[in-house]
Structure formats: structure tokens, C-alpha cells
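Asker: Below is the structure, and that's it, no one-letter string:
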Ligand code: KIV
Ligand code: ZN
């Protein structure tokens, strides 16, 4: 029996921290509703104390969403926690996400305190949050670079104070998958009281390892993945939701499932891209414009014969209508014949040879040969075609 992984979406909080991605309340509600339909388990709706607008958005989302848990972020600061609790009041399933830095770098240079000071503030923050809501998640900021023994002590204090989810952020995207996996394993095996809580991954992508680290995390005991649509987030972004979800699906042998309706992955990717005004890079896994496009002759020939020769995912499974055969100077005859057929021309072998020579001349001049170019090529009188 596969283990269910909780999908914690932070598009509206960590994702919205991206410069230029700011959303208004109506846009945030639209995305939250789409996330609910997608099937996420937790929506981190914002950081209520950060601005009146964010407070209002969290409140409105808390009122509009029925199924997922609605989470509000706070620092380990009394006012933050009180404001988060207030914003979450309309939620059917509220969660306060509070925490503090635990690496030497954060303790000494950012928080200007001592390890003992961190333990005290962690306990007090969780205790206060717990006085408002049952569901309290504690984040150990910069856990990726923190000493594991100290990290374990902080988590023990958080569990004692009532935390039920323990977030282990690789805040700076520093860890290698082996290191992050080993950290989760260490915590799973050494934190007293860990059976009362679940471990959560929150990985940043500074070295392009966020997705790999999240998978290493669940392979070593974590049961929740924090992620964003299109992998947006601070700096190089967060773990991409669509990537981890499809990894769980493609590698069923790992023994994990999520509750995500994968057919909605592309529509929600486009919605987030449009609302936030951030273009999805064409080569982005799962949701990029080229994720199911084939342009080299060798690949095209294979895909036309059998899609699975070069595709591990059926595009329909992630909400893409069909694979694309793109015509470029690297395309072969098979692709040209295929695309000609799509617009109504069944070329004989001689006709194909003739058109292919002309096609290459145009293709060398243009980045992509589109249907209009193809029609021009096929137009000249005398090109024999068989009727479809
Ligand atoms: O990256 C991080 O450490 C965070 C925390 C606030 C959860 O986003
Ligand atoms: Zn983060």
C-alpha cells in the first residue's frame, strides 16, 4: 500500500515573494480555488502580519476554501502569531506556521542571539500558536546548513510545545540530495517524540536540486512536501509541485502517492504564469512549452512511430492535448510528411523528396517552419499528392 504524501502549496506565500509577482486578493482567491480543485492538502495563503493586503487575502482565502488546510506564516514573534490567528479565523481547517532560524549563521548574525535563546523562542512561539489553533507547523529556518544535533533539540522543544508538523527548510538551497536525505533520516531516528509529528521538506533551488532534495526527504521519512506551481519562489525558486507529483506517479516503485489531479497541472501552471506575469521557461519539466515538443529528425521519427520512444509521460495525463512535432532544419522526412498530412496532404515518396529539399532551404533561414510556410511549399502546381 502506497504512502500518501501531503502536498503543501506555498505559491501564494513563498511564490508571491518573487519581485513583480504581487497579486491582489481577487487573484489570490482565483489561484486558491484552482489549488483546491487541483487537490493540494495545504494552501499557505500568505504572511498576514506583512501587510494589510496580505492579511485581507489570507482572511478571504480562509473564508472561500473548504477542503485544504489554510496556513498562515509568522515569525516566532508574538504579534505575528496573533495576527496570523486573526486572519485564519474564518478557516475550517486553520494552521499557523511559525518558526525561527537554527543555523549558526542565522543565530549569530541575523537573530543576534544564542542557541539557548532560539530554544526559548521556539517553545514560546509554538505554545502561543497552539493557544489559537490545534494545527501548528514549526519551521527551523536554514535547517539545511544547521548542526543536526542542535536542530534535533529545537524540534524536540517544538514537539513538546505542541507542533504537529516540523518543517526542515533548506532555505538557501545548499544541500545535496544525499545530505538532505541523511538530515531527515537523522531527525526521524533521533528526535524524541517524533511519532507525534510529521516531517516536512521545504527546499529551495539555488543549485537546481530542490526537487531531488524533496524526493530524498520523503525517501528518508518526511511525509509532506512544500512546493509551488512552476517552482516559483525566492531567488531560484522552490520545489516545483508539478515535478514532485509526476515523479511520484512515474516512479510508483518509490511507494508514494499524492492527491493531485495531474490533468490540471498545465491549466494551473498557465493560470499562475498569467496572473503573476512570469513566463514559464520553455524547457521547464512537465509544464514548459517544449516539454512535449520534438524537433530533431531522429526523435520525430521515433515519436511518430510510437510516442513512448521519446516520451515518458502521456501529455494528456498532465493536461496537454498532444505532443508536438516541430519543423526545424533538424527535422527529417518523417516529420515533414506527418505535418503535411496534418494539413491535408498525403505526399508520395517522390513528392516528399522534392518538398523536403525546398523545406530545408526555408528551414535553414527560419527558426521554425510553420503550417503557413508548409502550405506555400506544397502549393506549386505539379506536386503530386494523393487525396486524403
Ligand atoms: O525557506 C524558508 O526557510 C522559508 C520558511 C519561512 C518556511 O520559506
Ligand atoms: Zn522558503
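Answerer: Yep, it's here. All figures in this text were calculated on a predicted structure; none of them were measured in a lab. Ligands and ions are numbered 1, 2, ... in the order given.
Asker: Mind jotting down where the helices sit in the stretch 1-150 of the chain?
Answerer: Listed in chain order, the helices of the stretch 1-150 of the chain (DSSP state H, counting those that start in this stretch) span 25-38, 52-64, 78-87, 104-105, 115-132, 148-161.
Asker: and the stretch 1-150 of the chain, which of its residues are near ligand 1?
Answerer: With C-beta under 6 Å from any ligand atom as the criterion, the stretch 1-150 of the chain meets ligand 1 at residues 14, 139, 141. The C-beta positions use only the backbone N, C-alpha and C, and glycine is treated the same way.
Asker: Stretch 332-348 spans what distance, first to last residue?
Answerer: Using C-alpha to C-alpha, to the nearest Å, the end-to-end distance of stretch 332-348 comes to 15 Å.
Asker: Give me the buried positions along it.
Answerer: 332, 333, 334, 335, 336, 337, 338, 339, 340, 345, 347 (16 or more other C-beta atoms under 10 Å).
Asker: isn't the first one right next to residue 295, touching?
Answerer: Right, residue 332. No. Applying C-beta atoms under 8 Å, one finds residue 332 not in contact with residue 295, separated by 10.5 Å.
Asker: What separation do you get for the residue lying closest to residue 204 once chain neighbours are set aside and residue 235?
Answerer: The shortest distance from residue 204 to any non-neighbouring residue, by C-beta to C-beta, 6 or more residues apart in numbering, is to residue 173 (3.7 Å). The spacing between residue 173 and residue 235, counted by C-beta to C-beta, to the nearest Å, is 7 Å.
Asker: of the two, who's got more company?
Answerer: residue 173 (23 against 12; other C-beta atoms under 10 Å).
Asker: pLDDT value on the more buried one, please?
Answerer: If you check residue 173, the pLDDT there is 98.
Asker: Would you report the backbone torsion angles of it?
Answerer: Dihedral pair for residue 173: phi 60, psi 40, per degrees, to the nearest 10.
Asker: show me the residues around the closest residue in space to residue 257 that isn't next to it in sequence that make contact.
Answerer: Spatially, and ignoring its direct neighbours in sequence, residue 257 is nearest to residue 2 (4.4 Å; C-beta to C-beta, 6+ apart). For residue 2, the contact set (C-beta atoms under 8 Å, 6 or more residues apart in numbering) comprises 252, 255, 256, 257.
Asker: Check residue 171 too.
Answerer: If a contact means C-beta under 8 Å, 6+ apart, then residue 171 has 141, 142, 143, 144, 145, 202, 204 as its contacts.
Asker: Please report the distance of the residue nearest to residue 204 from residue 210.
Answerer: 6 Å.
Asker: what sits in contact with each of these two?
Answerer: Joint contacts of residue 173 and residue 210 (C-beta under 8 Å, 6+ apart) are 203, 204, 236.
Asker: These also near ligand 1: which ones?
Answerer: Of the shared contacts of residue 173 and residue 210, the ones that also sit near ligand 1 (C-beta under 6 Å from any ligand atom) are residue 204.
Asker: Any of the shared contacts of residue 173 and residue 210 buried? List them.
Answerer: Burial by neighbour count, 16+ other C-beta under 10 Å: within these this picks out 203, 204.
Asker: of all the shared contacts of residue 173 and residue 210, which comes closest to ligand 1?
Answerer: Among the shared contacts of residue 173 and residue 210, residue 204 lies closest to ligand 1 (C-beta to the nearest ligand atom), at 5.8 Å.
Asker: Please name the residues that touch that closest one.
Answerer: 169, 170, 171, 172, 173, 210, 233, 234, 235, 236, 237, 238.
Asker: Apply 7 Å and report the result again.
Answerer: 170, 171, 172, 173, 210, 233, 234, 235, 236, 238 (C-beta atoms under 7 Å, 6 or more residues apart in numbering).
Asker: How about the backbone phi and psi for it?
Answerer: Torsion angles, degrees, to the nearest 10, at residue 204: phi -100, psi 160.
Asker: That one bridge partners, please.
Answerer: Under DSSP bridges, the beta-bridge partners of residue 204 are residue 238.
Asker: What spatial separation is found between whatever residue of the stretch 201-350 of the chain ends up closest to ligand 1 and residue 221?
Answerer: Going by C-beta to the nearest ligand atom, ligand 1 is nearest to residue 202 of the stretch 201-350 of the chain, at 5.3 Å. Noted for residue 202: a distance of 15 Å to residue 221, by C-beta to C-beta.
Asker: now do residue 9
Answerer: From residue 9 to residue 221 the distance is 21 Å (C-beta to C-beta).
Asker: Neighbour count for those two, which is higher?
Answerer: residue 9 (30 against 16).
Asker: ok, so what distance separates the more buried one from residue 234?
Answerer: 15 Å.
Asker: tally of neighbours for residue 234?
Answerer: 17.
Asker: Fine, thanks again, bye for now.
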